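no FASTA, just this:
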């Protein structure tokens, strides 16, 4: 669902167990080589957004997912809009460093595009585990100031490797505030893979004043049948789909303090300068089954 490149993760910590245990994924392992015959979450997301960077297997899986949950394209669009609003918001609060994990295939309204609209000196590090995504993201470097944009091919399952990566260390000063972006990626990490500990490791590395920008798929606004079928379809993709209820998503923020309006249904995060005005929300927004929030480290 974000440029959902399941840049997924590992650590084996405790975490809130998924409230809906629909899918057996014990035999699932993250892909190590490009295989265009296996649907990839990033390329499926690209299809939901109307992009062209996808293959037949991605399109077939995406169409099956849409048949099960027709609001998926709207969810993808509203998630992309949330990313833009959140980046603009934290940049307006003075943050000039962004680490976007689960970058996905770049599209209009990318993190670097939005951040530099507010602050031309903003530095952005994109992280993704898909070689196709990494190749596309590197194309964003063209025309950007040297050193202001970096692309890392890495897996969220290994947060320490991301934090210690030379390219990240060269671009980002972790002693200064950073916006950590986990937009529509954590629902591709199982609890038993240490989802909570992964986020804790990343949060703990951030300086006070840093922000966590996060969105996450949830069963809370969808029918059980749609959620079950969606999870089944993603079993055959590059990463399983682990939808979490609000109680499963909120702990990812730890002791960070939420900016208003808090953790809310995705389209309701500051749709009009922070004021919920349903008249200005897209038709069908009530069916967007995901949460979003932005919180700051004290």
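Good, I have the coordinates. Values in this document were obtained by computation on a predicted structure and should not be read as measured data.

buried sites along stretch 81-99?
For stretch 81-99, the neighbour count (16 or more other CB atoms under 10 Å) marks 81-91, 95-99 as buried. Backbone N, C-alpha and C define where each C-beta goes, glycine included.

quick check, distance from it to the centre of its chain.
14 Å (CA atoms, centre = their mean, to the nearest Å).

for stretch 169-186, same thing?
Distance of stretch 169-186 from the chain centroid (CA atoms, centre = their mean) equals 13 Å.

helix or strand for residue 124, which one?
strand 123-128 (DSSP states H and E).

Check which helices and strands that strand sits against.
strand 97-101, helix 111-118, helix 131-139, strand 149-153, helix 166-171 (3 or more CB pairs under 8 Å, 6 or more residues apart in numbering; DSSP states H and E).

which secondary structure elements does the last one contact?
In terms of contacts (3+ CB pairs under 8 Å, 6+ apart), helix 166-171 is packed against strand 123-128, strand 149-153.

Make JSON lines from those and add distance to residue 234, mean pLDDT and mean neighbour count to it.
As requested, these are exported to JSON lines (distance: least, CB to CB, whole Å; pLDDT from 0 to 100; neighbours: other CB atoms under 10 Å):
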{"stretch": "strand 123-128", "distance to residue 234": "18", "mean pLDDT": "92", "mean neighbour count": "28"}
{"stretch": "strand 149-153", "distance to residue 234": "22", "mean pLDDT": "86", "mean neighbour count": "22"}
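
Kindly present these as JSON lines, with separate columns for distance to residue 244.
Formatted as JSON lines, the helices and strands packed on helix 166-171 follow (distance: least, CB to CB, whole Å):
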{"stretch": "strand 123-128", "distance to residue 244": "22"}
{"stretch": "strand 149-153", "distance to residue 244": "26"}
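
so which of those strands gets nearest residue 251?
Between residue 251 and these, the shortest gap by CB to CB is with strand 123-128, which sits at 22.1 Å.

Can you give the contact residues for the closest one?
Strand 123-128 is contacted from outside by 3, 5, 7, 42, 96-104, 111-112, 115, 134, 137, 140, 147-154, 156, 162, 167-168, 171-172, using CB atoms under 8 Å, 6 or more residues apart in numbering.

which among the residues you listed end up buried?
3, 5, 7, 42, 96-104, 111-112, 115, 134, 137, 140, 148-154, 156, 162, 167-168, 171-172.

in the chain, which spans are helices?
Assigned by DSSP state H, the chain shows helices spanning 41-48, 56-68, 72-92, 111-118, 131-139, 159-164, 166-171, 195-204, 224-234, 246-249.

Could you identify which of the ones you listed has the lowest mean pLDDT?
The minimum mean pLDDT among the helices of the chain belongs to helix 131-139 (a mean of 70).

Would you mark the buried spots in stretch 53-68?
For stretch 53-68, the neighbour count (16+ other CB under 10 Å) marks 53, 54, 55, 57, 58, 61, 62, 64, 65, 66, 68 as buried.

The fourth one reaches residue 47, doesn't it?
What it means is residue 57. No. Counting by CB atoms under 8 Å, residue 57 does not reach residue 47; the two are 10.7 Å apart.

what's the span of stretch 94-109, first residue to last?
Stretch 94-109 has an end-to-end distance of 20 Å (CA to CA, to the nearest Å).

tell me the mean pLDDT over it?
For stretch 94-109, the mean pLDDT works out to 88.

between the strand holding residue 124 and strand 149-153, how big is the angle?
With axes from the mean of the first three to the mean of the last three CA atoms, to 10 degrees applied, the angle from strand 123-128 to strand 149-153 works out at 20 degrees.

Direction included, what does strand 123-128 pair up with?
Paired strands of strand 123-128, with direction, are strand 97-101 (parallel), strand 149-153 (parallel) (DSSP bridges).

Spell out for me which residue occupies the centre of the chain.
Central residue of the chain (CA atoms, centre = their mean): residue 183, 2.2 Å from the mean position.

from what I can see residue 44 touches residue 63, true?
No. Residue 44 is beyond contact range of residue 63, at 9.6 Å (criterion: CB under 8 Å).

what number of residues lie near the closest residue to residue 159 other than its chain neighbours?
Excluding the flanking residues, the one nearest residue 159 by CB to CB, 6 or more residues apart in numbering is residue 201, at 4.4 Å. Residue 201 has 18 neighbours, counted by other CB atoms under 10 Å.

on that earlier part again, please tell me how far the residue nearest to the centre of the chain sits from residue 290.
With the distance defined as CB to CB, to the nearest Å, residue 183 ends up 10 Å from residue 290.
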